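**Student:** this is a predicted model, with the sequence first.
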Amino acid sequence: MAQGPYIVTGASRGIGRSIALAVAHAGYPVIALARQSTALDEIGERLAGIHPQSRSIACDLSDSTAIESVSNDITSSTPWIAGLVHNAGVIHPVYPLEGAGIADWTHALRVNLIGVQDLTQRILGSMGGETQSRVTTISSGASLRPIESWSAYCVSKAGLDMWTRCLALESQLKNISAVSVAPGVVDTDMQATIRSVPMENFPSHADFVALHTGGHLTNSDDVAQQLLPLVLEQTMQQSGQRYDVRDL
């Protein structure tokens, strides 16, 4: 069997971009998914230069029609998928839950959780079997503790942790493992978005500004290297577990 690809969502920037590049440098073809942008085109070209079977595909994970189209594209051209990294996520709305717009709240859950289920369900038939496939979800400390004004993000990440455990349980006889991992506080566009929120809407605003000004944010490339063994080598015995990158 030809070596199957790893699908990485949210791969145009930040942790997703770094993971996609790390996986490609490890010798695997990568299918990079993200919303259409010049950054997505750029990472697609760079990945193809590392592994000729790599490519990027535009996909909005809040859009089920787009997920269906991309899934059909991937499964029709790929007999077997080695792994899936669910990294795409949005923090918006950062706003007290009493006044958060329901459209924004719903969009966050669609990207952070429902889109994960939608994409995985459509490609799961091309995973596992004689050779193990591996699913990694990027979790957050917000999945374990509430943060004021982050209700949509906290709820979706907590749901994602449980979704990972459910997938691990249901897929154990299919030779498909699933783990979640919290990457720590990383210097990404999401952190910049958090710092841009008006202070009156976010009680912990000063704390996140201090993380940035104090140089306490980690680099996404460094985090990707720490995550790489888990992404590529997680065992069936590890399936269903939640990890923190600082413990790896």
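**Tutor:** Thanks, I have the structure now. Numbers count the residues shown, from 1 in each chain.
**Student:** okay, the residue sitting nearest the centre point of the chain and Ser56: tell me how far apart.
**Tutor:** Nearest to the geometric centre of the chain sits Asn87, at 0.9 Å (CA atoms, centre = their mean). Noted for Asn87: a distance of 14 Å to Ser56, by CB to CB, to the nearest Å. The C-beta positions use only the backbone N, C-alpha and C, and glycine is treated the same way.
**Student:** residues that sit against both of these two, list them.
**Tutor:** Common neighbours of Asn87 and Ser56, counting by CB atoms under 8 Å, 6 or more residues apart in numbering, are Ala11.
**Student:** which helix or strand contains Ala152?
**Tutor:** If you go by DSSP states H and E, Ala152 is part of helix 151-170.
**Student:** flag every buried residue along that helix.
**Tutor:** Using 16 or more other CB atoms under 10 Å as the test for burial, helix 151-170 gives 151-161, 163-165, 167-168.
**Student:** return the list of strands paired to the very next helix or strand once past it, each annotated with direction.
**Tutor:** Going down the chain from helix 151-170, the next helix or strand is strand 176-182, by DSSP H and E. Under the criterion DSSP bridges, strand 176-182 sits next to strand 133-138 (parallel), strand 242-244 (parallel) in its sheet.
**Student:** for the ones you listed, which one ends up most surrounded?
**Tutor:** Of the strands paired with strand 176-182, the one with the most neighbours on average (mean count of other CB atoms under 10 Å) is strand 133-138, at a mean of 25.
**Student:** got the contact list for that strand?
**Tutor:** 4, 15, 80-87, 89, 116, 120, 127, 160-161, 163-164, 167, 175-183, 227, 230-232, 234.
**Student:** got the contact list for Arg13?
**Tutor:** Arg13 is in contact with 34, 39, 188-189, counting by CB under 8 Å, 6+ apart.
**Student:** change it to 7 Å
**Tutor:** Counting by CB atoms under 7 Å, 6 or more residues apart in numbering, Arg13 makes contact with 39, 189.
**Student:** next: Phe202.
**Tutor:** 94, 149.
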